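> coords please:
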Amino acid sequence: MKLKHIIILQNKVDLVQESVAINQHDAIHKFIQGTVAEGAPVIPVSAQLGYNIDVVCEYIIKRIPVPKRNFISPPNMIIIRSFDVNKPGSEVDKIRGGVASGSILQVL
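Sure thing, here's the model as predicted:
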C-alpha cells in the first residue's frame, strides 16, 4: 500500500494520566520510524469527549486534497483495520495479527 496522506490518532487519552499519554505518543513515533508514516502527525484525541477533533478536521481539510470524483463508475474502496502489530504501509498480503477487512471496489 503506497499511502500518500497519513494522520495517526492517539485515541482515549482521557483515560490515562498525562505522563502515560506522553510515553505512548513517543512510542507511536518510534513505532512508525522507517515506515511510510514517518513524519505523519500523531494527534492525541478523545473521541468520547471531542478533545482535539477540531484539530483532526482542520488537518484533513487543509492538508489532504479532495480526490477526483468519478460519478459514473461503481464505488471502489478497500478497508483494512489491523491491530497495531503491523507497521504503516504494510502490504496487504503481509499483514499479521487480528485483522478485520472489507472492500468496496470504487469510491465516487
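
> and Arg96, helix, strand or coil?
Under DSSP: H, G, I helix; E, B strand; the rest coil, Arg96 falls in the coil class.

> neighbours around it, how many?
10 (other C-beta atoms under 10 Å). (C-beta placed from N, C-alpha, C; glycine too.)

> then Phe31?
16.

> in which helix or strand would I find it?
Under the assignment given by DSSP states H and E, the secondary-structure element containing Phe31 is helix 18-32.

> leaving out sequence neighbours, find the closest residue to Ser46.
Computed as C-beta to C-beta, 6 or more residues apart in numbering, the closest residue to Ser46 that is not its neighbour in sequence is Asp14, at 3.9 Å.

> dump the residue contacts of that neighbour.
Applying C-beta atoms under 8 Å, 6 or more residues apart in numbering, one finds that Asp14 lies in contact with 46, 48-49, 51.

> 10 Å - rerun?
Taking C-beta atoms under 10 Å, 6 or more residues apart in numbering as the criterion, Asp14 is in contact with 21, 44-49, 51.

> again with Pro65
When contacts are taken as C-beta under 10 Å, 6+ apart, Pro65 is in contact with 4-5.
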